[in-house]
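**Q** Provide a 3D model corresponding to the input given below.
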Amino acid sequence: MAFSSAGWNVLGAAKKGNAPSMYTYTSADAIATVNTAGYFNDLADTLAVGDVIFCYDSGTPTMSIVVVLSNASGVVDVSDGTAVSVADAD
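**A** Purely as a prediction, here's the structure:
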């Protein structure tokens, strides 16, 4: 599938300095799709290298944290993602 702005939310946008901005993104897309170079191209004017995106896959459900690795010539690439457990063992 493709990026959908309906699942995009700003947690905290850096106002100055080198602090990363943080975002959340909810989609039925698996992390293997979301972490593909170009997935976030619609946000090339918004995202900066080092920004953090909390990605929630509502289809599975799973959660991963990705970091923007590059944003050049309108092509955004993010890290593979670090899985966050959404298990409930009680």
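**Q** Could you list the alpha-carbon positions for stretch 9-22 in PDB?
**A** Written as PDB, here are the backbone C-alpha positions of stretch 9-22 (Å, rounded to 0.1, in the frame of the first residue of the first chain):
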ATOM      1  CA  ASN A   9       0.400  12.700  13.700                       C
ATOM      2  CA  VAL A  10       2.900  15.100  15.200                       C
ATOM      3  CA  LEU A  11       4.100  14.300  18.700                       C
ATOM      4  CA  GLY A  12       6.700  17.000  19.000                       C
ATOM      5  CA  ALA A  13       8.200  19.200  16.300                       C
ATOM      6  CA  ALA A  14      11.700  20.600  17.000                       C
ATOM      7  CA  LYS A  15      11.600  24.300  17.200                       C
ATOM      8  CA  LYS A  16      15.400  25.000  17.000                       C
ATOM      9  CA  GLY A  17      18.700  23.300  17.300                       C
ATOM     10  CA  ASN A  18      19.500  19.700  16.400                       C
ATOM     11  CA  ALA A  19      16.700  18.000  18.400                       C
ATOM     12  CA  PRO A  20      14.800  15.400  16.300                       C
ATOM     13  CA  SER A  21      11.000  15.800  15.800                       C
ATOM     14  CA  MET A  22       8.800  12.800  16.800                       C
END
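**Q** Mind giving me the packing neighbours of the longest strand along the chain?
**A** Taking DSSP state E as the assignment, the strand of the chain that covers the most residues is strand 62-72. Other helices and strands packing on strand 62-72, by 3 or more CB pairs under 8 Å, 6 or more residues apart in numbering; DSSP states H and E, are helix 31-34, strand 52-57, strand 75-78, strand 82-84. Glycine gets a C-beta too; all of them are placed from N, C-alpha and C.
**Q** List the buried residues in that strand.
**A** Within strand 62-72, the residues that count as buried by 16 or more other CB atoms under 10 Å are 62-66, 68, 71.
**Q** Flag whichever of the residues you listed scores worst on pLDDT.
**A** Within the buried residues of strand 62-72, residue 62 has the lowest pLDDT, namely 92.
**Q** Tell me what that residue is bridged to.
**A** residue 57 (DSSP bridges).
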